[in-house]
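**Student:** Following is a predicted model, sequence given first.
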Number of protein chains: 2
Amino acid sequence: MTHPRATLPQVAERAGVSLASASRALNGTGASKAMVEKVRAAAEELGYHPQAMGRSLRLRRTLQIAFAVADIGNPVYVEMMTAIQAVVAEHGYRLVVATTGDTPESTIELVRSVSAGLVDGLVISPLRVNEALVAELVSSQLPVVVIGRSLEGDHLDSVSTDSAGGIGQAVEHLLALGRHRIGFVNGPVDTTPGEARQRGFDAAVGRFGLARETVDTQIADDFTVASGLAAATTLLRRHGGGDAQLDAIVAANDLLAIGAIRAAREQGLRVPEDLAVTGMDDTEIGRVFLPSLTSVSLRSSERGRRAAEIMLALLEDPGHHPQNVLVEPVLMARESTAASQSADLAQEENA
Amino acid sequence: MTHPRATLPQVAERAGVSLASASRALNGTGASKAMVEKVRAAAEELGYHPQAMGRSLRLRRTLQIAFAVADIGNPVYVEMMTAIQAVVAEHGYRLVVATTGDTPESTIELVRSVSAGLVDGLVISPLRVNEALVAELVSSQLPVVVIGRSLEGDHLDSVSTDSAGGIGQAVEHLLALGRHRIGFVNGPVDTTPGEARQRGFDAAVGRFGLARETVDTQIADDFTVASGLAAATTLLRRHGGGDAQLDAIVAANDLLAIGAIRAAREQGLRVPEDLAVTGMDDTEIGRVFLPSLTSVSLRSSERGRRAAEIMLALLEDPGHHPQNVLVEPVLMARESTAASQSADLAQEENA
DNA sequence: TTGAAAGCGCTAACAG
DNA sequence: CTGTTAGCGCTTTCAA
């Protein structure tokens, strides 16, 4: 049932030609019509399929690009992946996705194994970055594009976004709506996004001159719905009832925001009437959630697309001068912060 | 800045030993203490990292396994992926994820390219299967495990589930709740899951003796929220107002169900009071949705785990007799079909 | 246009 | 324990 796989020398022999001719015929690199005919036929008969390994070893390229993320379960990464895939596929590259785990150590391990020649390039969006990881990325012989943090000083290509400023936009949006007691549900601050978003919230508090007692931060264990639910519950309880009750929550991403909305409901609060909630990333799940989620778009598709383009440029010219692209965030206002009491469905606008 | 990568012969020369000794020292296959010491040092100095390509070519194994799905955006595949990853990682394999596209042709292309020796095995959950794809899978030299459809006659290992029966469970659940006018929102019936779920719905209609006029099916363009919204809108409009109004919708998966709930809301229907909705796959997003989604669990983690185990067995012994594992579905009742008018939050039970 | 031969980086068989 | 050598499957000089 399972023949051993046919090899090129076998095809050559079958066709009665040399190995070199067989290779040329199959690759269309200078062979006579008759030659191509013969070799094609022999290959067909033997059910020959070229072996990527031998080919790659010789060519020193795999035509594969890796996309590495901590958690493919987060829709934002899926969105990036789809965008990257579309771009690189047009240039004959295949995209493979690998999971980094969420520590710098496990990420380093992944970078190592992947840069052992299995792929031609690496697009990575690391959650936690330390010096060792940066060093690994820089010294890696592989073309690398980082999504999520500008590593300009490190001679690494990157596409980043101003998520700190994005949090500022969310706060500004809430203030404009008359909300003043604002809670912030962030993810771990030792992560790249967590750090930036905390910075953004703290800056907004200062910039808009908010009183200490009217704002509060709660750190979730990670960036998932379950952790958002837990963190928001704690936060709301802490400010339970009376005048101290929060009237808005800014969440560091959409998943946390969804958790926060659930927490609010469980405590009998209506969203947005009693509590306005904002997310970040503008994921599809946020858009279809009930109520639909006001969210700061970090334009993940765009970031993925730009990253892929940089990668292709890098592949063409490895000596390329490092680029650092910045994609600006955009607030998408939806039901979860709607001003009217009876939030209309499917109503959506850019800010 | 970017040295050409060091090779093993270079390390050997630097250490003043033979190529073979260097290899042995680095792989721990019989070398003296002193030898290991010397070679390690030389490798360190040169910043040597083994090249996977050469190694794999020689070893005829890559220690990589591919997981191929049509749409990694569907959480159910993420769940499978996580489960597979966990199992194979324990045995030293890395999991890479590739996207098939949703036609048999694009899937065949993927299978081909992936079975060109880039991975040692393929776990695939194809959306659309035709004879050509089955033939490709069978004739592929690669160990293959199919998730999603029993291909017993085809000598392919598989882990499948009874999604037809699962739809039956959903219908039964609704009938027990006193709902009798049931709409079915399915995905395309030329897909494996679409076909099975349609079969399941039709069988349930027959088994429970439901009248023709009280049931109706609408086919969505694909298995996403957006398509579910569109299909459910059509379905609800068709039975608009009066006695003919549906009181329940069975959706073929959670994403379609979420779309259906949105459609209901947009037409002013309350869920579950006016319209009960069930999903399938028991995804996290369904669990946290408001209202939380009653869903038939197809136990995706379990299916992933079983598939991974079969794969490992196959890798050990390629002559292994093909296995066909069946995982039974389980209904998870939640708010979207709650009997009480005021659906309690966070209330959840198995059926 | 074709063939012979070298070699991509690595491991394993075979001698010593 | 160590070194020499062959070869995984493929592409590409180099000559003819």
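**Tutor:** Perfect, thanks for sending it. No experiment lies behind these values; they were computed from the predicted model shown. Residues are numbered from 1 along each chain as shown, chains lettered A, B, ... in the order given.

**Student:** Validate this expectation: A:Leu95 resides in a strand.
**Tutor:** Yes - using DSSP: H, G, I helix; E, B strand; the rest coil, the assignment for A:Leu95 is a strand.

**Student:** Look up phi and psi at the closest residue to it other than its chain neighbours.
**Tutor:** Once flanking residues are discounted, A:Leu95 sits nearest to A:Gln85: 4.6 Å by C-beta to C-beta, 6 or more residues apart in numbering or on different chains. C-beta: built from backbone N, CA, C; applies to glycine. Main-chain dihedrals, A:Gln85, degrees, to the nearest 10: phi -50, psi -50.

**Student:** Quick one: neighbours of A:Gln85, just the number.
**Tutor:** 22 (other C-beta atoms under 10 Å in any protein chain shown).

**Student:** That one and DNA strand C, how far apart?
**Tutor:** Distance, A:Gln85 to DNA strand C, by C-beta to the nearest atom of the strand, to the nearest Å: 28 Å.

**Student:** what sits against A:Arg149?
**Tutor:** A:126, A:129, A:158, A:160, A:192, A:196 (C-beta atoms under 8 Å, 6 or more residues apart in numbering or on different chains).

**Student:** For the stretch 51-200 of chain A, give me the ranges with low pLDDT.
**Tutor:** Scanning the stretch 51-200 of chain A for pLDDT under 70 picks out the ranges A:152.

**Student:** Please enumerate the strands of it.
**Tutor:** Here the stretch 51-200 of chain A has its strands, by DSSP state E, counting those that start in this stretch, at A:64-69, A:94-99, A:121-125, A:144-147, A:157-161, A:182-186.

**Student:** Could you export these as a markdown table, including mean neighbour count and distance to A:Ala231?
**Tutor:** As requested, the strands of the stretch 51-200 of chain A are exported to a markdown table (neighbours: other C-beta atoms under 10 Å in any protein chain shown; distance: least, C-beta to C-beta, whole Å):
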| stretch | mean neighbour count | distance to A:Ala231 |
| --- | --- | --- |
| strand A:64-69 | 25 | 22 |
| strand A:94-99 | 23 | 24 |
| strand A:121-125 | 26 | 23 |
| strand A:144-147 | 26 | 25 |
| strand A:157-161 | 24 | 23 |
| strand A:182-186 | 27 | 5 |
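
**Student:** Which residues of the stretch 1-150 of chain A lie near chain B?
**Tutor:** A:1-3, A:5, A:47, A:49-54, A:56-57, A:62, A:64, A:66, A:72-73, A:75, A:78, A:81-82, A:85, A:94-99, A:112-113, A:115-118, A:139, A:141 (C-beta under 8 Å from any C-beta of the partner chain).

**Student:** and the stretch 51-200 of chain A, which residues reach DNA strand D?
**Tutor:** Residues of the stretch 51-200 of chain A lying close to DNA strand D by C-beta under 7 Å from any atom of the strand are A:51, A:53-55, A:57-59.

**Student:** now do 6 Å
**Tutor:** Neighbours of DNA strand D within the stretch 51-200 of chain A, by C-beta under 6 Å from any atom of the strand: A:51, A:54-55, A:57-59.

**Student:** Mark which of the residues of the stretch 1-150 of chain A next to chain B are buried, thanks.
**Tutor:** Buried members of these, scored by 16 or more other C-beta atoms under 10 Å in any protein chain shown, are A:5, A:49-53, A:56-57, A:62, A:64, A:66, A:72-73, A:75, A:78, A:81-82, A:85, A:94-99, A:113, A:115-118, A:141.

**Student:** Which of the residues you listed fall in helices?
**Tutor:** Using DSSP state H, the subset of those located in helices is A:52-53, A:56-57, A:75, A:78, A:81-82, A:85, A:113.

**Student:** Let me know the closest of those to DNA strand D.
**Tutor:** Minimum distance to DNA strand D across those is 4.0 Å, recorded for A:Leu57 (C-beta to the nearest atom of the strand).

**Student:** can I assume that closest one is in contact with B:Arg58?
**Tutor:** No - applying C-beta atoms under 8 Å as the test, A:Leu57 and B:Arg58 come out as separate, 9.8 Å apart.

**Student:** Need the strands of the stretch 51-200 of chain A in a markdown table (columns: distance to DNA strand C).
**Tutor:** Listed next are the strands of the stretch 51-200 of chain A as a markdown table, based on distance: least, C-beta to the nearest atom of the strand, whole Å:
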| stretch | distance to DNA strand C |
| --- | --- |
| strand A:64-69 | 17 |
| strand A:94-99 | 21 |
| strand A:121-125 | 17 |
| strand A:144-147 | 20 |
| strand A:157-161 | 24 |
| strand A:182-186 | 44 |
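
**Student:** Show me the subset of the residues of the stretch 51-200 of chain A next to DNA strand D that also lies near DNA strand C.
**Tutor:** Restricting those to those within reach of DNA strand C (C-beta under 6 Å from any atom of the strand) leaves A:57-58.

**Student:** just curious, which of the residues of the stretch 51-200 of chain A next to DNA strand D is nearest to B:Val134?
**Tutor:** A:Gln51 (23.3 Å; C-beta to C-beta).

**Student:** From A:Val277, how far off is the closest one?
**Tutor:** Remark: distance between A:Gln51 and A:Val277 (C-beta to C-beta, to the nearest Å) = 54 Å.

**Student:** contacting residues around A:Arg197?
**Tutor:** Shown in contact with A:Arg197 (C-beta under 8 Å, 6+ apart): A:163-164, A:166-167, A:186-187, A:252, A:280.

**Student:** Please identify, among the residues you listed, the one with the most neighbours.
**Tutor:** In terms of neighbours by other C-beta under 10 Å, the contacts of A:Arg197 top out with A:Ala252 at 36 neighbours.

**Student:** Pretty sure that one sits against A:Val189.
**Tutor:** No - A:Ala252 is beyond contact range of A:Val189, at 9.8 Å (criterion: C-beta under 8 Å).

**Student:** Can you report how many residues neighbour the spatially closest residue to A:Phe208 that is not a sequence neighbour?
**Tutor:** What sits nearest to A:Phe208 in space, not counting adjacent residues and going by C-beta to C-beta, 6+ apart, is A:Leu175, at 6.0 Å. Number of residues near A:Leu175 (other C-beta under 10 Å) recorded here: 15.

**Student:** Could you tell me the model confidence score at the residue lying closest to A:Asp282 once chain neighbours are set aside?
**Tutor:** Nearest non-adjacent residue to A:Asp282, counting by C-beta to C-beta, 6+ apart: A:Ser297, 3.6 Å away. Per-residue pLDDT puts A:Ser297 at 98.

**Student:** tally of neighbours for A:Ser297?
**Tutor:** Neighbour number of A:Ser297 under other C-beta under 10 Å is 23.

**Student:** Could you list which residues are in contact with it?
**Tutor:** Counting by C-beta under 8 Å, 6+ apart, A:Ser297 makes contact with A:281-282, A:329-332.

**Student:** Ranking by neighbours, what's the top pick from those?
**Tutor:** A:Asp281 (30 neighbours).

**Student:** Relative to A:Arg237, which of the contacts of A:Arg197 is nearest.
**Tutor:** Among those, and counting by C-beta to C-beta, the member closest to A:Arg237 is A:Asn186, at 17.4 Å.

**Student:** and the closest one, bridged to which residues?
**Tutor:** According to DSSP bridges, the residues that bridge with A:Asn186 are A:Ile219.

**Student:** before we move on, back to that, from the contacts of A:Arg149, pick the one nearest A:Asp216.
**Tutor:** Distance to A:Asp216 across those (C-beta to C-beta) is lowest for A:Ala196, with 19.3 Å.

**Student:** And for that closest one, the neighbour number?
**Tutor:** Neighbourhood size, A:Ala196 [other C-beta under 10 Å]: 22.
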